[in-house]
Every structure is written in C-alpha cells, then in structure tokens.
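> Structure of the sequence below:
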Amino acid sequence: MRIFQTAFRSILCIFFMLLMTGCVLNDISDLEQYVEDILARSGGRIEPIPEIKPYEVYTYESAAQKTRDPFQLFYQEAPKDIADTKDPGLTEEMENEIRNRNREELEQFELDSLRMVGTLEDGNEQWGIVLDPSGTVHRVRVGNYIGKNIGKILNIFEDRIDLREIIKNSQGRWEERQAAIALAGGSEE
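Okay, the predicted model is just below:
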C-alpha cells in the first residue's frame with residue numbers, strides 16, 4: 001500500500017510539472033512593441049522647482065513690554081501650585097509632600113476612574129495592579145501617588161488599595177482624607 005502511495009505522488013508531481021511547462025509563453029513580441037512605443041514618445045517639459053524664500057527670523061519682544069503671551073490660551077487660567085497660599089490646616093509635612101514629591105503617571109486621573117484589577121507579591125513586597133481609563137495597566141506599591149488629590153498609597157491588600165488624599169474642605173482649608181480603591185467588581189469609598 002505504501003509503495004502505491006509513493007508511486008501515485010510521484011506520478012502526480014510529474015503531471016503538475018508537465019502542466020506548468022505548458023503554461024510558459026515564449027512569444028513576448030507584443031511586450032517588446034509596447035516598450036518601444038513608450039520610449040518613442042517625446043518627453044514633456046518639467047516645471048522648474050519653485051524658488052525657496054529664505055526664512056525670516058522674528059524675535060518675540062512683547063514679553064519684555066509685559067504684554068500677553070500669544071502662546072497661552074486666553075480663556076484658561078494657569079494652574080496654581082496648591083501649596084502657594086498659607087493655610088493653618090496645611091501642616092509642614094503636608095506642604096513638603098505637596099511641593100517635593102515626584103509627580104507620577106497615575107496622578108493625572110481622577111481616583112474614581114482608576115480600577116484595581118489584582119495584586120502581585122514579590123518576596124515581602126505587595127504590588128497593586130491598577131487599570132487606567134485608557135486601558136493601560138500600571139503596577140503600584142506603598143508610597144506611590146495616584147489620583148488628582150495627592151493620593152499616597154498606604155497599604156495594598158488583596159481586595160483594596162488604601163490611600164490618603166490631601167484635599168481642601170468646604171471652608172477652603174487643607175485636610176487629609178482616607179480613601180480606597182476596591183478590587184474591580186467591588187465598591188469604592
């Protein structure tokens with residue numbers, strides 16, 4: 001049976017090779033004629049390259065005259081550093097944390113737009129896995145900052161991430177507030 005299969009495959013290969021050789025056309029006279037016709041055409045006139053005008057340098061001097069910056073949006077206020085004003089509720093420790101911390105990527109999102117999707121453990125260190133609104137996954141640990149209210153991560157548990165935010169209360173005074181991000185599917189505080 002095996003000999004029959006091998007012979008059949010060999011005959012089939014020979015048949016296809018003969019069939020393929022029949023498809024070859026040696027007469028390319030029509031192609032040669034077409035190429036000759038194209039080459040016999042007269043060439044057209046190419047327009048010259050337009051003249052390049054030299055760049056004129058302009059020095060912006062209006063700032064020295066204390067006029068409005070044209071590159072700043074007129075309808076948007078410049079963001080103020082939240083620790084610029086003295087507030088009796090703002091402790092020195094809070095002020096140092098606001099001014100001297102390294103800004104982190106997850107601070108650009110509102111806390112309620114972030115989702116905890118899991119945890120990782122590496123030796124004695126617990127990591128939280130957080131999903132931002134754009135679908136990017138971030139790994140966070142205790143001491144990282146998330147959210148727009150200077151949310152410092154205090155603890156990471158299997159079902160939530162505990163953090164402390166620095167916010168202004170209804171009287172405009174700075175205070176600390178406890179918050180948490182629950183594991184996706186749970187509720188948030």
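> Can you get me a residue count around residue 144?
Per other CB atoms under 10 Å, the neighbour tally for residue 144 reads 22. In short, each C-beta sits where N, CA and C put it, glycine included.
> what are the phi and psi values for it?
phi -70, psi 160 (degrees, to the nearest 10).
> quick one: it from residue 109, how far?
13 Å (CB to CB, to the nearest Å).
> just residue 99 next, same as before
Distance from residue 99 to residue 109, by CB to CB: 21 Å.
> Compare those two and say which is more crowded by neighbours.
residue 109 (17 against 11).
> Which residues are in contact with the closest residue to that one other than its chain neighbours?
Nearest-residue entry for residue 109: residue 132, 5.6 Å, with adjacent residues in sequence omitted and distances by CB to CB, 6 or more residues apart in numbering. By CB atoms under 8 Å, 6 or more residues apart in numbering, the contact set of residue 132 is 106, 109, 113-114, 138.
> do that again at 10 Å, thanks
Counting by CB atoms under 10 Å, 6 or more residues apart in numbering, residue 132 touches 105-106, 108-109, 113-115, 138, 146.
> Appreciated, that's everything.
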